[in-house]
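Peer 1: starting from these lines, generate the structure:
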Amino acid sequence: MTHPEGVTLGRRLAAISIDWLASYAIAFAFFAGGGTYAERIVGTRLTTPIIFVAEYAILIALTGASFGHRLLRIKVVDLNHGGVPNFRQVLIRTGLMALVITAITYDEDGRGIHERFSQTKLARA
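Peer 2: Numbers count the residues shown, from 1 in each chain. Got it, this is the predicted structure:
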C-alpha cells in the first residue's frame, strides 16, 4: 500500500524496525546489567519501549523524523500544512505508535490509525 507521496508499507515497517532495534541496542548496552545473554535480556524488557517512546517523540518533535525515518529518507508532516507536527500531534502519534497495532493497521487511503488521530502523514524527505 502506497501513499500519494510514495511511502510504501515496506519503508514504514523498515523504519519502525530500525527504531525498535536501535532502542533495544541502547537498552542492552546501558541497562542490561551483567551475566549471560539470557540474564541480560531481562534488563531490556522495560527500558526498550521507554527508550523507543522517548526517541520517537523527541526526534519527531524536533526534526519531523525518527532515527529510522531519517535513514530511509521519510518524514512525519502535519496533514494540513505539510510542516513539522505540533506537540499535541507528536504526543498522540507517539502514544498510538507505542501500541504498535495502530502502526500496522491502515485505512483505504494507506494511512495508519495513529496518523488519522494525530492528523499527520508520512512523506518522502
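
Peer 1: now the element after the lowest-mean-pLDDT helix or strand in the chain, going C-ward?
Peer 2: Using mean pLDDT, DSSP states H and E, the weakest-scoring helix or strand in the chain turns out to be helix 37-41, at a mean of 81. Counting by DSSP states H and E, the next helix or strand C-terminal to helix 37-41 is helix 47-63.

Peer 1: now the angle between helix 47-63 and the lengthiest helix in the chain, please.
Peer 2: Among the segments of the chain that qualify as a helix by DSSP state H, the longest is helix 9-31. Here the directions of helix 9-31 and helix 47-63 differ by 120 degrees (axes from the mean of the first three to the mean of the last three CA atoms, to 10 degrees).

Peer 1: excluding its backbone neighbours, what's nearest residue 77?
Peer 2: Setting aside the residues directly before and after it, residue 77 is nearest to residue 123 in space (CB to CB, 6 or more residues apart in numbering), at 5.1 Å. For the C-beta atoms, the positions are set from N, CA and C on the backbone; glycine is no exception.

Peer 1: same question for whichever strand or helix holds the one you found, mean pLDDT?
Peer 2: In this structure, residue 123 sits in strand 120-124 according to DSSP H and E. In this model, strand 120-124 carries a mean pLDDT of 90.

Peer 1: who are the packing partners of it?
Peer 2: Under the contact definition 3 or more CB pairs under 8 Å, 6 or more residues apart in numbering; DSSP states H and E, strand 120-124 sits against strand 74-78.
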